[in-house]
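> the amino acid sequence is not available; the structure is as follows:
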C-alpha cells in the first residue's frame, strides 16, 4: 500500500491523494493479488498511479489491474473466473 500511496502522491499531490480514499481490502501473497478500494471519482487517477509503479524498495515490480467493480461480490466473481 505504501507504494500505491507514494505513486498517487507523486503523480497527483496531496490533494489528489486525499480524494482517492485508498483502502487495503485484501492481500494474498500466495496468489499474488491485492484488492484495493478507492473513491469512484478517483478511479482513473488510482489506475494511472498503479501503472506507474516500477519498483518497491528498489526491487523491480509490476502491477496489472485485473478488474474493477462497484461491489466486492461482483469483483470476486470477476477475478475467480
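Now that the structure is in, tell me what you want to look at. From a predicted model like this one, the values you see are computed outputs, not experimental measurements.
> and the residue positioned nearest the centre of the chain, bridged to which residues?
Among the residues of the chain, residue 36 comes closest to the average C-alpha position under CA atoms, centre = their mean, at 5.0 Å. Beta bridges link residue 36 to residue 24 when assigned by DSSP bridges.
> how close does it sit to residue 58?
22 Å (CB to CB, to the nearest Å). No exception for glycine: its C-beta is placed from N, CA and C like everyone else's.
> now swap in residue 77 and tell me
Distance from residue 77 to residue 58, by CB to CB: 37 Å.
> between those two, tell me which one has more neighbours.
Ranked by neighbour count (other CB atoms under 10 Å), residue 77 and residue 58 place residue 77 first, with 12 against 6.
> pull out the buried positions in the host helix or strand of the more buried one.
In the assignment (DSSP states H and E), residue 77 maps to helix 72-80. For helix 72-80, a neighbour-count test (16 or more other CB atoms under 10 Å) marks residue 75 as buried.
> what about it, distance to the chain center?
For helix 72-80, the gap between its own C-alpha mean and the chain's C-alpha mean amounts to 16 Å (CA atoms, centre = their mean, to the nearest Å).
> circling back to that earlier point, correct me, but the residue nearest to the centre of the chain touches residue 47?
No. Using CB atoms under 8 Å as the test, residue 36 is too far from residue 47 to be in contact (10.3 Å).
> what does the lowest-mean-pLDDT helix or strand in the chain rub up against?
Within the chain, no helix or strand scores below helix 72-80, which has a mean of 82 by mean pLDDT, DSSP states H and E. For helix 72-80, contacts defined as CB atoms under 8 Å, 6 or more residues apart in numbering pick out 25, 33, 35, 66-69.
> highest neighbour count among the residues you listed?
Going by other CB under 10 Å, residue 35 tops the contacts of helix 72-80 with 17 neighbours.
> quick check, pLDDT for that one.
Reported pLDDT at residue 35 in the predicted model: 92.
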